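K.L.:
I would like the atomic coordinates for the input below:
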Amino acid sequence: MASTYKTSVVERLQAVKEKSGKTYSQIAQETGLTNVYVAQLLRRQAQLKPETAPQLRAALPDLCCLSDELIIEMSKPPFRCYDPNLVQEPAIYRMSAIDVYCSVDKIKGADGNDRVVVTIDGKYLGHTEQKSENMLSRSGMQ
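P.N.:
Below you'll find the predicted structure:
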């Protein structure tokens, strides 16, 4: 049931975007967000923060029907779902995205053809050797 409801909300959000006639990049520019994050918001894969709601409403005006109900739904933590084939991939459990920004842009290449640029800007987390002597919770335990 929750899956059907989420699908309905996502379909309604996508209809709002379509009615606006704007791309994710245009909405992103108007809201100060990245285009990937806007796509996540409109697909209920990210949580809309209260301070961002006014900018999103301004970018998707009343004519597009971004209702109070949809804003409330977008403000709830997202229900993420995954392809069962992807979840079985062993590397999925080793991946982390802490403090990561991502954007997808279209540019013209030197030959005049359209090209895609994917930018991932993330916090660098170096690997540490897990030595028991450095584990503070065990200090004093023998």
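
K.L.:
Could you pull out the buried residues of stretch 35-48?
P.N.:
35-42, 44, 46, 48 (16 or more other C-beta atoms under 10 Å). Just so you know, the C-beta spots here come from the backbone N, C-alpha and C atoms, and that holds for glycine as well.

K.L.:
need the contact list for the residue nearest to the spatial centre of the chain.
P.N.:
With distances taken as C-alpha atoms, centre = their mean, the residue of the chain nearest its centroid is residue 40 (3.6 Å). Applying C-beta atoms under 8 Å, 6 or more residues apart in numbering to residue 40 gives the contacts 46, 78.

K.L.:
So what touches stretch 97-105?
P.N.:
Applying C-beta under 8 Å, 6+ apart, the external contacts of stretch 97-105 come out as 25, 28, 34-37, 116-123, 125.

K.L.:
7 Å instead?
P.N.:
Applying C-beta atoms under 7 Å, 6 or more residues apart in numbering, the contact partners of stretch 97-105 are 34-36, 116-123, 125.

K.L.:
Spell out which helix or strand contains residue 104, please.
P.N.:
strand 100-108 (DSSP states H and E).

K.L.:
angle of the helix or strand just after that strand against strand 100-108?
P.N.:
On the C-terminal side of strand 100-108, the nearest following helix or strand under DSSP H and E is strand 114-122. Relative orientation of strand 114-122 and strand 100-108, computed by axes from the mean of the first three to the mean of the last three C-alpha atoms, to 10 degrees: 160 degrees.
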